[in-house]
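In: coords please:
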Amino acid sequence: MTTESSSYQKIYKIDVPNKISRILIILLVVFLLCLFLPWTQNIRTTGQVTTLRQEQRVQKVNSIIPGQILRWYVKEGDKVKAGDTLVQLTEIKDDYLDPNLVLRTNEQLTAKQQSVEFYESKTTAQKNQLAALQNGLQIKLNQLNNKLKQLDMKIESENATLVSAQNDYNIASKQYQRQQELFNQGLVSLTQLEQRNQALQSFQARLVTAQNNLNNTRQEVLNTQLEINGVQQDNTEKINKIQSDVMSNMSQIATSQGDVSKLKNQYSNYQNRAKLYYIIAPQDGQVVQAKRSGIGEIIKDGETLVEIVPTQLEYAVELYVAPLDIPLLAKGNKIRFIFDGFPAIVFSGWPQASYGTFGGKVEVIENTVSSNGKYRILVSPDATDKPWPTQLRLGTGTQAIALLKDVPIWYELWRNINGFPPDFYTANSSTQTDKKSSSK
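Out: Numbers count the residues shown, from 1 in each chain. Modelled structure (predicted):
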């Protein structure tokens with residue numbers, strides 16, 4: 001019985017103090033205390049390195065015109081400056097094969113400009129001729145109008161002469177009649193009667209002459225008026241013909257000026273096209289991915305020849321965030337990055353304890369969903385954090401941690417167990433909280 005009791009006591013150690021329960025209690029207390037440690041809520045996603053400005057991204061160098069590759073001045077990997085020649089092309093279209101195309105087009109332009117000048121000189125001469133004709137017409141009309149005035153005065157004079165001749169004839173006629181009566185009574189001789197008859201015939205002739213002169217003058221007035229009408233008609237025809245010629249020349253000038261403008265445009269296009277035979281670098285950078293190779297290959301207009309990576313870059317990170325998480329982000333939110341190829345130790349809930357991560361802040365949040373069903377955001381380097389590695393290259397993969405609100409660990413466990421999203425948080429909420437506490 002004693003042996004069994006001794007064995008029993010050695011196996012179960014009833015009287016020996018137990019340390020396991022104490023360790024478990026300590027561990028439980030530590031675990032409960034850890035539940036109240038702060039935890040930074042976050043959103044994790046992946047992305048790649050890009051640039052904040054679109055002109056600093058990989059640029060395609062295209063050919064504006066079709067042509068045949070004549071010579072390469074660079075190879076893949078070469079560093080180039082803005083304006084350096086990359087490729088030389090030759091013409092393949094038959095409209096531009098003439099080596100003296102620009103010179104001959106300039107000659108055509110000069111000839112057409114001279115034609116315009118000739119037409120302008122001809123128009124000026126015709127306008128001068130028209131002015132001279134109009135002045136001559138005016139002088140001729142003034143002369144004929146003066147003649148009409150003179151004829152009017154002559155009519156008045158001849159009309160007065162006719163009245164005087166009519167009066168003399170009437171007086172002579174009465175005197176003859178009285179002389180005839182006296183002759184019939186035998187008081188005068190036949191000689192005296194014949195003298196009165198001769199005087200009557202003379203006054204009658206003067207009357208007829210006065211009437212004829214008056215009629216001739218009136219006829220001359222009519223002829224002068226007809227002459228005025230004829231001069232006006234003749235000069236009007238000449239003036240209309242000259243004006244028609246002037247308008248025709250002006251129309252020809254307008255047509256020629258249109259041809260001059262067209263030739264100028266064509267000449268300028270030929271000059272600019274000649275410059276397009278040399279494909280130049282648009283900016284400083286490195287030549288990558290030549291899309292065409294060899295000599296003599298035919299390329300189309302708009303076809304890519306090479307790609308250039310700019311030298312001066314403002315790096316950014318391109319991320320895609322799920323629609324569920326996009327409301328939690330705002331411009332200025334802090335982001336932590338792990339770049340591919342750079343070692344890092346990450347504690348997502350304690351960013352201060354992480355090593356090898358780099359900071360950034362949200363710069364752009366697009367308002368439209370991308371083809372992958374997520375929203376695209378751009379993150380620029382955080383100026384208050386350590387600078388990003390200089391060895392970064394475009395397209396380098398990244399893992400991003402968007403830092404949100406600080407909460408206790410127990411709350412974060414409870415949130416994840418229930419499937420709740422992280423708390424909505426903006427960058428200036430802490431500042432607003434401090435202002436409220438200080439106002440109280």
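In: going by C-alpha atoms from here, please, whenever you check contacts or count neighbours.
Out: Will do.
In: so Asp382 is in contact with Glu363, correct?
Out: No: under the criterion of Cα atoms under 8 Å, Asp382 makes no contact with Glu363, lying 10.2 Å away.
In: list the pairing partners of the strand ranked longest in the chain within its sheet, with orientation.
Out: What stands out as the longest strand in the chain, according to DSSP state E, is strand 38-51. Take DSSP bridges as the rule and strand 38-51 pairs in its sheet with strand 315-321 (antiparallel), strand 397-408 (antiparallel).
In: which parts of the stretch 301-440 of the chain are strands?
Out: 304-310, 315-321, 334-339, 358-369, 375-381, 397-408 (DSSP state E, counting those that start in this stretch).
In: so what touches the second one?
Out: Spelled out, that is strand 315-321. The contact list for strand 315-321 (Cα atoms under 8 Å, 6 or more residues apart in numbering) reads 45-52, 374-381, 398, 400.
In: pull the number of nearby residues for Gln48.
Out: Gln48 is flanked by 19 other residues according to other Cα atoms under 10 Å.
In: mean pLDDT for the strands of the stretch 301-440 of the chain: which is lowest?
Out: Ranked by mean pLDDT, these end with strand 397-408 at the bottom, a mean of 77.
In: gap between Gly395 and Pro310?
Out: The gap separating Gly395 from Pro310 is 14 Å, by Cα to Cα, to the nearest Å.
In: return a ChimeraX selection command for the buried portion of the contacts of strand 315-321.
Out: In ChimeraX, this line selects whichever of the contacts of strand 315-321 come out buried by 16 or more other Cα atoms under 10 Å:
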select :46,47,48,49,50,51,52,374,375,376,377,378,379,380,381,398,400
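In: hang on, the earlier thing: looking at the strands paired with strand 38-51, which one is packed in the most?
Out: Highest mean neighbour count of the strands paired with strand 38-51: strand 315-321, a mean of 22 (counted as mean count of other Cα atoms under 10 Å).
In: between that one and strand 334-339, how many degrees?
Out: Orientation check (axes from the mean of the first three to the mean of the last three Cα atoms, to 10 degrees): strand 315-321 against strand 334-339 gives 100 degrees.
In: off-centre distance for the helix or strand hosting Gln225?
Out: Following DSSP states H and E, the helix or strand that holds Gln225 is helix 190-275. Remark: helix 190-275 is offset 55 Å from the chain centroid, using Cα atoms, centre = their mean, to the nearest Å.
In: what packs against it?
Out: helix 101-184 (3 or more Cα pairs under 8 Å, 6 or more residues apart in numbering; DSSP states H and E).
In: now do the helix it packs on and helix 190-275, the angle between them.
Out: Angle between the axes of helix 101-184 and helix 190-275 is 170 degrees (criterion: the same axes, to 10 degrees).
In: packing partners of helix 101-184?
Out: Helix 101-184 sits against helix 190-275, with contacts defined as 3+ Cα pairs under 8 Å, 6+ apart.
In: name the nearest residue to Gly47, ignoring sequence neighbours.
Out: What sits nearest to Gly47 in space, not counting adjacent residues and going by Cα to Cα, 6 or more residues apart in numbering, is Leu319, at 4.5 Å.
In: quick check: the one you found vs Gly285, distance?
Out: From Leu319 across to Gly285, the span is 25 Å (Cα to Cα).
In: dump the strands paired with strand 38-51 to a markdown table, plus distance to Gln195.
Out: Output for those, formatted as a markdown table (distance: least, Cα to Cα, whole Å):
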| stretch | distance to Gln195 |
| --- | --- |
| strand 315-321 | 142 |
| strand 397-408 | 151 |
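In: of all those strands, which lies closest to Lys331?
Out: In terms of Cα to Cα, the element of the strands paired with strand 38-51 nearest to Lys331 is strand 397-408, at 11.8 Å.
In: is it correct that Ser173 is in contact with Gln201?
Out: No: judged on Cα under 8 Å, Ser173 makes no contact with Gln201 at a distance of 9.0 Å.
In: so between those two, which is more surrounded?
Out: With neighbours defined as other Cα under 10 Å, Ser173 and Gln201 compare such that Ser173 has more, 19 against 15.
In: state the distance from that one to Gln179.
Out: Ser173 sits 10 Å away from Gln179, going by Cα to Cα.
In: just give me the residue closest to the centre of the protein.
Out: For the chain, the residue nearest the mean C-alpha position is Asn265 (16.7 Å; Cα atoms, centre = their mean).
In: show me the contacts for that residue.
Out: By Cα under 8 Å, 6+ apart, Asn265 lies in contact with nothing.
In: burial measure for the nearest residue to Thr398 once chain neighbours are set aside, as a count.
Out: Excluding the flanking residues, the one nearest Thr398 by Cα to Cα, 6+ apart is Phe339, at 4.6 Å. Look at Phe339: counted by other Cα under 10 Å, it has 22 neighbours.
In: contacting residues around Phe339?
Out: By Cα under 8 Å, 6+ apart, the contact list for Phe339 reads 357, 396-399.
In: can you report how many residues neighbour the residue nearest to Leu148 when sequence neighbours are not counted?
Out: Counting by Cα to Cα, 6+ apart, the nearest residue to Leu148 once its immediate chain neighbours are dropped is Val221, at 6.2 Å. Applying other Cα under 10 Å, we find 20 residues neighbouring Val221.
In: isn't Val221 up against Leu151?
Out: Yes: applying Cα under 8 Å as the test, Val221 and Leu151 come out as touching, 6.4 Å apart.
In: tell me the confidence at Gly349?
Out: On pLDDT, Gly349 comes in at 60.
In: relative to Leu33, how far out is the closest residue to Ser189 other than its chain neighbours?
Out: Leaving aside its chain neighbours, Ser189 sits nearest to Phe183 (6.3 Å; criterion: Cα to Cα, 6+ apart). Remark: distance between Phe183 and Leu33 (Cα to Cα) = 182 Å.
In: more neighbours, the two?
Out: Neighbours were counted for Phe183 and for Leu33 using other Cα under 10 Å; Phe183 has more, 16 against 12.
In: any idea how far Lys147 is from the more buried one?
Out: Remark: distance between Phe183 and Lys147 (Cα to Cα) = 52 Å.
In: also Gly397?
Out: Per Cα to Cα, Gly397 is found 109 Å from Lys147.
In: buried residues in stretch 328-342?
Out: Residues of stretch 328-342 classed as buried by neighbour count (16+ other Cα under 10 Å): 328-330, 332-339.
In: and Ile239, how many neighbours?
Out: Residues contacting Ile239 under the criterion other Cα under 10 Å number 19.
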